[in-house]
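Colleague: sequence first, then the predicted structure, then my questions.
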Amino acid sequence: QVQLVESGGGLVQPGGSLRLSCVVSGLSLDYYTIAWFRQAPGKEREGVACMMSSGGSTYYADALKGRFTSSRDNAKNLVYLQMNSLTPEDTAVYYCAARAGRIALIWATYDYQYWGQGTQVTVSS
């Protein structure tokens, strides 16, 4: 049984940082493309970062480049999202998602096979 479990969300002040984690079980992480998405209230789910399988490239949403960094530890089946210089506009539920192999449309939510339950990030003073 495949499970993705996010953690690390919470309340942070503007300008602060958070590191989200996603523990993946039930699959061999190296062979999966892993992505982070987020969904703010009343908005569609949007892509944040995507790490291709088998040592492939990492991609970021254009608006988030330079502030967010995604990484993975395949040996520990862990995925991370480091978020810096947070603003209230970053407030959302953050999800990790997995798909076997590489993917062409990296922000196509329907192409991901497995999803976590999400972790809430709130940026507010």
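Modeller: That came through fine. Owing to the predicted nature of the structure, the values given are computational and were not obtained by experimental measurement.

Colleague: tell me the contacts of the most centrally placed residue in the chain?
Modeller: Geometric centre of the chain, nearest residue: residue 36, 2.0 Å, by C-alpha atoms, centre = their mean. By C-beta atoms under 8 Å, 6 or more residues apart in numbering, residue 36 lies in contact with 20, 22, 47-50, 68, 70, 79, 81, 94-97. (Each C-beta comes from the backbone N, C-alpha and C, glycine too.)

Colleague: can you give me phi and psi for residue 90?
Modeller: Phi and psi for residue 90, reported as degrees, to the nearest 10, are phi -90, psi 0.

Colleague: just give the closest residue to it, not the sequence neighbours.
Modeller: residue 123 (5.1 Å; C-beta to C-beta, 6 or more residues apart in numbering).

Colleague: mind listing the residues bridging to the one you found?
Modeller: residue 12 (DSSP bridges).

Colleague: how about the residue nearest to the centre of the chain, secondary structure?
Modeller: strand (DSSP: H, G, I helix; E, B strand; the rest coil).

Colleague: not counting sequence-adjacent ones, nearest residue to it?
Modeller: residue 48 (4.1 Å).
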